[in-house]
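Asker: Provided below for reference: sequence and predicted model.
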Amino acid sequence: SEFKMPFEAKLDENNRWVILSKIVPWEEFARLYYKNFKSNRGAPTKDARLVLGVIIIKHIMKTDDRGVIEMIQENPYMQYFLGLEAFTYEQVMTPSLLVSIRKRIDLDVFESLTDDLIRKGLKLKSGVQDKEVDGDSKDNDDDPDPHPGNKGKLQMDATVCDADIKYPTDLDLLNESRQKAEELIDELCLKLGVQDKPRTYRRGARKEFLNVSKMKRKPANVLRKAIRKQINYLKRDVRIINKMLDTIKDEPIPFERRQLKYLFVIQQMLEQQETMYKKKSHQVEDRIVSIHQPHVRPIVRGKAKARTEFGAKINISLLDGYARVDHFHWDAFNEGQDLQSQVERFRKLTGKYPELVQV
């Protein structure tokens with residue numbers, strides 16, 4: 001059926017969204033997507049094509065949840081790509097729904113979709129199944145050579161996906177944590193109806209932090225003294241919070257989930273900073289470099305631009321311009337150990353081992 005456009009216009013067949021709509025394996029995705037639903041009860045879910053289409057547009061356009069819904073609202077080609085029958089001025093879904101959709105779709109679904117898309121792009125037949133250990137399969141008597149040959153070029157490299165965090169210094173981290181702890185104290189005083197606020201010395205602490213952070217060159221002894229002071233201020237704040245929480249007997253803790261997370265992260269970070277201060281070291285296991293994104297870890301890469309990068313480490317394999325993420329982890333790992341599994345994944349995708357491997 002023909003897509004009804006605004007102003008009685010016609011779709012351009014060469015538009016990238018029209019071309020892409022013919023390539024994406026929608027039926028395969030729908031099968032995998034609906035498999036995750038355990039029963040028929042509850043409100044009906046969004047159409048699988050609509051869900052996948054919105055996620056694809058979001059990643060191609062590099063936008064956030066709200067931005068992608070607005071973009072789709074304005075663009076008839078994107079609406080055609082989503083499988084709508086006619087142009088609509090309504091939102092295709094509420095932006096908040098995308099959060100629960102992402103939780104619902106597991107990684108295996110996306111991996112099998114990626115493989116399908118690459119096979120379509122390279123015009124490959126379906127690769128080797130997992131149960132086939134070697135090239136010998138009883139069914140391929142017609143094939144003159146039962147063993148898989150070698151075909152294609154596989155390129156592999158590891159890199160770090162930079163997380164958008166402020167460059168972490170111990171002094172900045174402690175100051176930020178102290179400010180967040182003070183926010184939590186104010187919140188508790190409000191919720192518990194405390195008239196006399198506990199003494200936090202926040203003005204003095206801020207003044208001392210600014211005096212050092214504004215210095216162009218920070219001598220080691222000055223910096224160490226400033227860190228010690230900020231540790232003590234933060235320890236005092238954490239002690240106050242825990243004392244106030246101890247006064248609550250039968251009622252639930254008056255913090256939201258997000259505030260509770262900040263409290264746990266701040267205490268963990270304080271413990272790490274104290275340990276490093278006492279040992280006169282700059283290394284600690286599972287080091288927190290951002291209280292807002294505590295899962296981010298420092299990854300030492302030794303590049304000229306920056307010795308240490310902050311974000312997830314990924315190991316990528318490239319086949320004729322198509323990239324696949326084979327290993328993703330927030331902690332550092334040795335990418336050399338992935339070589340064999342990446343070559344096997346290549347064979348599973350194409351049915352043959354690569355002719356050339358570049359690493």
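Answerer: Nice, I can see it. Numbers count the residues shown, from 1 in each chain.

Asker: so who does Ile291 touch?
Answerer: The contact partners of Ile291, by Cβ atoms under 8 Å, 6 or more residues apart in numbering, come to Leu173, Glu176, Ser177, Lys180, Tyr262, Val265, Ile266, Met269. In this view, the C-beta of every residue, glycine as well, is placed from N, C-alpha and C.

Asker: can you pick out the most distant pair from the residues you listed?
Answerer: Leu173 and Tyr262 (13.1 Å; Cβ to Cβ).

Asker: comparing the two, which residue is more hemmed in?
Answerer: Legend: neighbour count by other Cβ atoms under 10 Å for Leu173 and Tyr262, higher for Leu173 (24 against 19).

Asker: buried residues, the longest strand along the chain. List them.
Answerer: Assignment by DSSP state E gives strand 308-319 as the longest strand of the chain. Residues Glu309, Phe310, Gly311, Ala312, Lys313, Ile314, Asn315, Ile316, Ser317, Leu319 are the ones in strand 308-319 that count as buried (16 or more other Cβ atoms under 10 Å).

Asker: surely the last one meets Leu124?
Answerer: Put plainly, it is Leu319. No. Counting by Cβ atoms under 8 Å, Leu319 stays clear of Leu124, with 9.8 Å between them.

Asker: anything in contact with each of these two?
Answerer: Ile118, Leu349, Thr350.

Asker: just give me the closest of those to Trp26.
Answerer: For the shared contacts of Leu319 and Leu124, the nearest to Trp26 is Ile118 (16.4 Å; Cβ to Cβ).

Asker: how about residues contacting the helix or strand harbouring that closest one?
Answerer: Using DSSP states H and E, the element containing Ile118 is helix 107-122. For helix 107-122, the external contacting residues (Cβ under 8 Å, 6+ apart) are 23-25, 28-29, 32-33, 36, 52, 124-127, 319-320, 322, 324, 348-350.

Asker: just the buried ones from those?
Answerer: Val24, Pro25, Phe29, Leu32, Tyr33, Leu52, Leu124, Gly127, Leu319, Arg324, Leu349, Thr350.

Asker: show me the contacts for the first one.
Answerer: Contacts here follow Cβ under 8 Å, 6+ apart; on that basis Val24 touches Leu52, Gly53, Ile56, Leu117.

Asker: nearest to Arg257 among those residues?
Answerer: Distances from Arg257 to the contacts of Val24, taken by Cβ to Cβ, are shortest for Leu52, at 29.2 Å.

Asker: where does that closest one fall, phi/psi-wise?
Answerer: phi -60, psi -40 (degrees, to the nearest 10).
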